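*Asks:* sequence? don't have it. structure:
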């Protein structure tokens, strides 16, 4: 059985190695909490307690990473649902689809992406509308309707916020030879 100084040193090296390996996929708060738990374990009086504490810290980390992975899969699923049908995408319909509350879903999305769910939906709708307008296959009111807006002036306002020009100007620039 190693002496307590070398045991603590080994725990510190182990903790550093784990954190270095995970810093690309885990947030700093998660790693700080793991480091604190592992540090407490390293201060235990004897070897079995150190092992038990380190095991508990690792199991805690595993459960948190698993939850994080689950959240990432949920975000990818929501993004796919929004892309499939931006006109019907909304917090309530998405929450129903993934069996979560609307508020929890919105906070999960914000935590994982840094963007609100509504801002993301609006962005996807505007990108889809821009694609429709570039294709020249529909009028502005049709593009607005296809992406979920019945109020064309409101759609135009949102479009201008994202693209810096009105849908009419965008469509005009997108005509053959215009270079959009």
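*Replies:* That came in fine, so what should we check first? Since we're looking at a predicted model, the values are computed, not measured.

*Asks:* tell me which residues in the helix or strand of the chain with the lowest mean pLDDT are buried?
*Replies:* In the chain, no helix or strand scores lower on mean pLDDT, DSSP states H and E than helix 4-22, which sits at a mean of 72. The neighbour-count criterion (16 or more other CB atoms under 10 Å) identifies 7-8, 11, 15, 18-19 as the buried residues of helix 4-22. Just so you know, the C-beta spots here come from the backbone N, C-alpha and C atoms, and that holds for glycine as well.

*Asks:* same question, stretch 50-68
*Replies:* So stretch 50-68, judged by 16+ other CB under 10 Å, has buried residues 50, 53-54, 57-58, 61, 64, 68.

*Asks:* To what extent is residue 123 buried, counted in neighbours?
*Replies:* 15 (other CB atoms under 10 Å).

*Asks:* quick one on the thing from earlier: in helices, which of the buried residues of stretch 50-68 appear?
*Replies:* When DSSP state H defines the helices, the subset of the buried residues of stretch 50-68 inside them is 50, 53-54, 57-58, 61, 64, 68.

*Asks:* Break down the chain into its helices, ranges please.
*Replies:* 4-22, 28-42, 47-84, 91-98, 102-113, 117-135, 140-146, 152-163, 167-173.

*Asks:* surely residue 34 meets residue 16?
*Replies:* No: using CB atoms under 8 Å, residue 34 is not in contact with residue 16, being 11.1 Å away.

*Asks:* Now do stretch 31-47: distance to the chain's middle.
*Replies:* With CA atoms, centre = their mean, to the nearest Å as the basis, stretch 31-47 stands 30 Å off its chain's centre.

*Asks:* and that stretch, which residues are buried?
*Replies:* 31, 34-35, 37-38, 41-42, 44.

*Asks:* residues touching the closest residue to residue 147 other than its chain neighbours, list them.
*Replies:* Nearest non-adjacent residue to residue 147, counting by CB to CB, 6 or more residues apart in numbering: residue 125, 4.1 Å away. By CB atoms under 8 Å, 6 or more residues apart in numbering, residue 125 lies in contact with 86-87, 89, 147-149, 158.

*Asks:* From residue 65, how far out is residue 125?
*Replies:* Counting by CB to CB, to the nearest Å, the separation of residue 125 from residue 65 is 33 Å.
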